[in-house]
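K.L.:
Below is the sequence, then the predicted model.
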Amino acid sequence: QVQLVESGGGLVQPGGSLRLSCAASGSIKRINDMGWYRQAPGKERESVASMTDGGITNYADSVKGRFTISRDNAKNTVYLQMNSLKPEDTAVYYCNAAGWTGTALSAISFRSWGQGTQVTVSS
């Protein structure tokens, strides 16, 4: 089982910045994809940004040019640098990871979610 622990959320004024972190732990053999989703009140969860272990990134149109995703594969950690934040970025942000867990003799695919961290953009 793979656990994801997020940190870095909080309250920030419009135009401000926040950096989210998400660390994965467990019997991890390989993490292929790591990313961030968000869910605002009354809305469905949406993908914000993702990154493969090879460094290929994908961003939602609404955050392109403002948010940057990065990974430290050695630490099984993904980051989301959020700049020029807007009130519409207010949501619970969830980390997501997919890959392989198991032992030296086995490999089981996994997809895990973090518990979520609140980001509030307000003056």
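P.N.:
In hand now; what should we look at? What you are looking at is a predicted structure, and each value in this text was computed from that prediction instead of being measured.
K.L.:
Mind pulling the model confidence for the residue most central in space within the chain?
P.N.:
The centre of the chain sits closest to residue 36, judged by Cα atoms, centre = their mean, with a distance of 2.9 Å. The per-residue pLDDT reported for residue 36 equals 98.
K.L.:
what do you get for residue 27?
P.N.:
On pLDDT, residue 27 comes in at 89.
K.L.:
can I assume it is in contact with residue 104?
P.N.:
No. Judged on Cβ atoms under 8 Å, residue 27 makes no contact with residue 104 at a distance of 10.3 Å. Glycine gets a C-beta too; all of them are placed from N, C-alpha and C.
K.L.:
Pick out whichever of these two has more residues nearby.
P.N.:
residue 27 (13 against 6; other Cβ atoms under 10 Å).
K.L.:
What does the residue with the largest distance to the centre of the chain show for phi and psi?
P.N.:
Of all residues in the chain, residue 105 has its C-alpha farthest from the mean position, at 29.7 Å, by Cα atoms, centre = their mean. Phi and psi for residue 105, reported as degrees, to the nearest 10, are phi -110, psi 0.
K.L.:
Relative to residue 29, how far out is it?
P.N.:
Residue 105 sits 11 Å away from residue 29, going by Cβ to Cβ, to the nearest Å.
K.L.:
Residue 4 too?
P.N.:
16 Å.
K.L.:
again with residue 13
P.N.:
Residue 13 sits 42 Å away from residue 29, going by Cβ to Cβ.
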